[in-house]
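Visitor: I need the structure of the sequence given here:
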Amino acid sequence: MSQAMPFSPTLPSARRCDAVLFTTCDLGSGRLDDLQRLLASVRRAVTEDGLSIIHYVLLQRAADGVPPPLLGDDWHAPRFMTAAARLPLSRARNLMLAQALRDKALQHAAWVAFPDDDAWYPPQLLLELSLLFACHPHVDLITCRYGSAPLDLSPLGADPAFRPAESRGEMVRRVSSNTLMLRASAALRTGFFDERLGLGAAINGGEDLDYALRSDGCRPERALISDEILVGHRDRLAWVRSRYYAGSLFALARAARRQPMMAGQAARKLLVGLALLAGRELGWREWRSGLRAGWLGWRLPDPGTAFTLEAEPHLVEGMHHGAADQS
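Guide: Sure thing, here's the model as predicted:
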């Protein structure tokens with residue numbers, strides 16, 4: 001990342017929007033139908049709830065451009081970006097963040113989120129989140145659970161039951177890519193994702209936890225949490241803890257170096273690693289790789305990912321605005 005002058009989010013002229021979302025989809029993965037489901041859930045929040053949402057969607061392995069089924073809607077369309085190659089997840093997100101900075105979208109949003117292409121939002125959840133950020137100016141982070149049967153928040157639906165977070169540990173166990181909703185001003189202070197972390201990077205996983213822990217929102221007094229399943233996504237799989245162990249330990253060790261009160265969470269993750277090893281969910285090689293990742297996180301408390309005036313990294317091959325771009 002560039003180490004130039006820190007970026008200053010003081011641009012008074014652009015229109016404010018309720019939320020900016022960032023999603024990447026590998027077209028080679030065969031998940032176009034899942035992506036369309038996500039886009040439909042965002043469209044519903046725009047057309048039925050009256051929200052102003054900018055949704056950046058980076059399509060990977062898209063040498064032929066944006067597939068026709070994703071184009072031509074008459075709503076506040078996604079801002080598609082395309083890359084011919086497959087990209088690491090953190091790199092893809094950083095490209096979208098950089099574009100949002102250049103568009104001045106991020107600077108004038110209320111909050112941001114990073115839903116996977118196979119996630120979706122049930123009716124009125126995005127409205128509920130926007131109202132929570134508006135009514136609780138001290139709150140920088142909101143999180144919940146995800147699953148294949150999210151609660152219905154329609155007028156006769158269930159109560160999402162958000163409450164103040166009780167501890168950092170509770171947030172560590174709850175935050176994921178699909179359940180990290182962050183105030184935009186906190187995201188501006190947090191900067192880019194660390195490209196050493198995440199799917200396709202040198203250290204698998206941990207990028208979302210690291211991002212949350214580096215933000216102002218990962219303090220109990222600045223976070224709201226719900227124990228309900230509110231974001232739609234396939235149910236959590238048993239192998240997730242072992243697959244992303246190294247990235248999670250990296251993020252927690254880095255946080256413990258910067259915030260001594262996180263040392264207990266890092267120690268707990270070390271014990272989890274031993275339990276996974278004993279239960280043969282984690283092999284010796286993966287366990288040692290996790291330890292090395294934790295040591296690296298401890299040695300690198302400053303990720304060097306602050307936003308800069310250059311808003312690096314730069315845009316990939318293509319940028320496509322939909323038919324009804326209103327930003």
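Visitor: going forward, measure contacts between C-alpha atoms and count neighbours the same way
Guide: OK.
Visitor: okay, the host helix or strand of A255 in CSV with CA atoms only?
Guide: Using DSSP states H and E, A255 sits in helix 245-258. Presented in CSV, the C-alpha positions along helix 245-258 are these (Å, rounded to 0.1, in the frame of the first residue of the first chain):
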residue,chain,number,x,y,z
TYR,A,245,-7.4,-20.8,11.9
ALA,A,246,-4.2,-19.2,10.7
GLY,A,247,-5.9,-16.0,9.6
SER,A,248,-7.9,-15.7,12.8
LEU,A,249,-4.8,-16.2,15.0
PHE,A,250,-2.9,-13.6,12.9
ALA,A,251,-5.7,-11.1,13.4
LEU,A,252,-6.0,-11.7,17.2
ALA,A,253,-2.3,-11.7,17.7
ARG,A,254,-2.0,-8.3,15.9
ALA,A,255,-4.9,-7.0,18.0
ALA,A,256,-3.3,-8.2,21.2
ARG,A,257,-0.1,-6.3,20.3
ARG,A,258,-2.0,-3.1,19.8
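Visitor: just checking, what packs against that helix?
Guide: For helix 245-258, the elements it packs on are helix 207-214, helix 263-278, helix 284-299, judged by 3 or more CA pairs under 8 Å, 6 or more residues apart in numbering; DSSP states H and E.
Visitor: run through who's touching it.
Guide: Helix 245-258 is contacted from outside by 197-198, 203-207, 209-210, 213-214, 262-263, 265-266, 269-270, 273, 286-287, 289-291, 293-301, using CA atoms under 8 Å, 6 or more residues apart in numbering.
Visitor: and if we set it to 7 Å?
Guide: Helix 245-258 is contacted from outside by 197, 203-206, 209-210, 213, 262-263, 265-266, 269, 289-290, 293-294, 296-298, 300-301, using CA atoms under 7 Å, 6 or more residues apart in numbering.
Visitor: what stretches of this structure score poorly on pLDDT?
Guide: Residues of the chain meeting the criterion pLDDT under 70: 1-15, 72-76, 155-159, 217, 238-240, 308-327.
Visitor: and L291, how many neighbours?
Guide: Using other CA atoms under 10 Å, L291 has 18 neighbouring residues.
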